[in-house]
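Asker: model the following, please.
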Amino acid sequence: MFELKPDFDKVLNRYEAWWDCAVLDRPLVSMTFPVPEADHKPVPQKNHATLRERWMDSEHLAAQAYAHLRNTVHFADSLPIAWPNLGPEVFSAFYGCAMEYGENTAWSKPVLADWSDESVERLRLDRHSFYFRKLLEMTEALIEIGKGKFIVGYTDMHGGGDAIAAFRDPQELLLDTLEHPEEIKRLCDRITTEFLAVYDHFHQILSASGMPSTTWLPATCKGKYHVPSNDFSCMISSESFEELFVPGIIRECQHMDRCIYHLDGPQALRYLDRLLEIPEIHAIQWVPGAGHDYWADSIDVYRRIQSKKKALCLGLPAKDLPLLFKTLDPRGVWISVWDVSNQQEAEAALRDIAKWTKKQ
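Answerer: Residues are numbered from 1 along each chain as shown. Have a look, this model is predicted:
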């Protein structure tokens, strides 16, 4: 089906089992490493006058993505995926937020000055905006070069609380949760409706081109896949999170076939039990935060997730596999092994993982 993943159909079935916390032959495993030097293809290079110009060069970025994917072995269940990237706040740019671009990241500028009816009404989704049209252009460029070769996903989009924080500025929105909760709830409800319509727009384009559903977190499924999140939630109380934003998260999840919730940072961990209660959240990606990223420090978190029959994803070096085998159940675990550098190392790690499965 895909030149860079000829066994995709078999791998897709393994993803489907993982979503259901089941195991076909072994757990879901991702490992990548460079192709042999003799098979390495040159990566297109181009000088751009500005960083912004580099970010906006759709055809060049698509050609680079293809070259990088060709130069990588996508071993076991790893998927050769490219997705258009205009920064994680691009959804807010569809409503008029200006975007600034750095070397490796992008950020938006707030546009919601206050909660007056006039200010809120000016927040309108514009499918003819520069960034919406640019995202379509980038998606189409990737589809054109990738069809039959690799998988094209949808961009990293943040609706709900994160979109409103971009409109308003996070510090201002923090106070607003106390002073304007009803206005936030009404806006979140509207933004969620429009977010789902935008998701469907890009899903239909990709699906019509033969692409399975995927995005920046490289899972997939038979249907619509999504990564809900709310990084702003780290700043507010559990009561505000429940009242203002959980209804929108549930709507996002109910719209999809499969969801991995992106739970980012130690202040977000207090929401884990609530999120595990949502039936349409099938998996959790726990990101402990800078300075706390050794996977084994979160074993208790992973066990909590498994106790609720939810899937999870974690990354670790190959030397830590024996500890993983001692502490977690293979059902519903998606393992990314970070440090394999060649086919032999990858095959050895995969054999060990298969043995763990059989023992269980």
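
Asker: use CA for all of it now, contacts and neighbours both
Answerer: Fine.

Asker: Ala106: neighbour count?
Answerer: Ala106: 17 surrounding residues under other C-alpha atoms under 10 Å.

Asker: isn't Leu69 right up against Leu79?
Answerer: No: counting by C-alpha atoms under 8 Å, Leu69 stays clear of Leu79, with 9.6 Å between them.

Asker: more neighbours, the two?
Answerer: Leu79 (25 against 20).

Asker: for the helix or strand bottoming out on mean pLDDT in the chain, name the packing helices and strands.
Answerer: When the helices and strands of the chain are scored by mean pLDDT, DSSP states H and E, helix 343-359 comes last with a mean of 92. Where contact means 3 or more C-alpha pairs under 8 Å, 6 or more residues apart in numbering; DSSP states H and E, helix 343-359 is packed against strand 28-34.

Asker: before we move on, the earlier item: what are the contacting residues of the least confident helix or strand of the chain?
Answerer: Helix 343-359 is contacted from outside by 25-27, 29, 31, 33, 75-76, 318, 321, 325, 330, 340, using C-alpha atoms under 8 Å, 6 or more residues apart in numbering.

Asker: then it to PDB, C-alphas only?
Answerer: The C-alpha coordinates for helix 343-359 follow below in PDB (Å, rounded to 0.1, in the frame of the first residue of the first chain):
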ATOM      1  CA  GLN A 343      18.800  -3.600  11.900                       C
ATOM      2  CA  GLN A 344      20.600  -6.100  14.200                       C
ATOM      3  CA  GLU A 345      19.900  -4.000  17.300                       C
ATOM      4  CA  ALA A 346      16.300  -3.500  16.300                       C
ATOM      5  CA  GLU A 347      15.700  -7.200  15.700                       C
ATOM      6  CA  ALA A 348      17.300  -8.100  19.000                       C
ATOM      7  CA  ALA A 349      15.000  -5.700  20.900                       C
ATOM      8  CA  LEU A 350      12.000  -7.000  19.000                       C
ATOM      9  CA  ARG A 351      12.900 -10.600  19.900                       C
ATOM     10  CA  ASP A 352      13.100  -9.700  23.600                       C
ATOM     11  CA  ILE A 353       9.700  -8.000  23.400                       C
ATOM     12  CA  ALA A 354       8.100 -11.000  21.700                       C
ATOM     13  CA  LYS A 355       9.400 -13.300  24.500                       C
ATOM     14  CA  TRP A 356       7.900 -11.000  27.100                       C
ATOM     15  CA  THR A 357       4.600 -11.300  25.300                       C
ATOM     16  CA  LYS A 358       4.700 -15.100  25.300                       C
ATOM     17  CA  LYS A 359       5.600 -15.200  29.000                       C
END
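
Asker: whichever of the contacts of helix 343-359 end up buried, select them in ChimeraX.
Answerer: Only the buried members of the contacts of helix 343-359 enter the following ChimeraX selection, criterion being 16 or more other C-alpha atoms under 10 Å:
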select :26,27,29,31,33,75,76,318,321,325,330,340
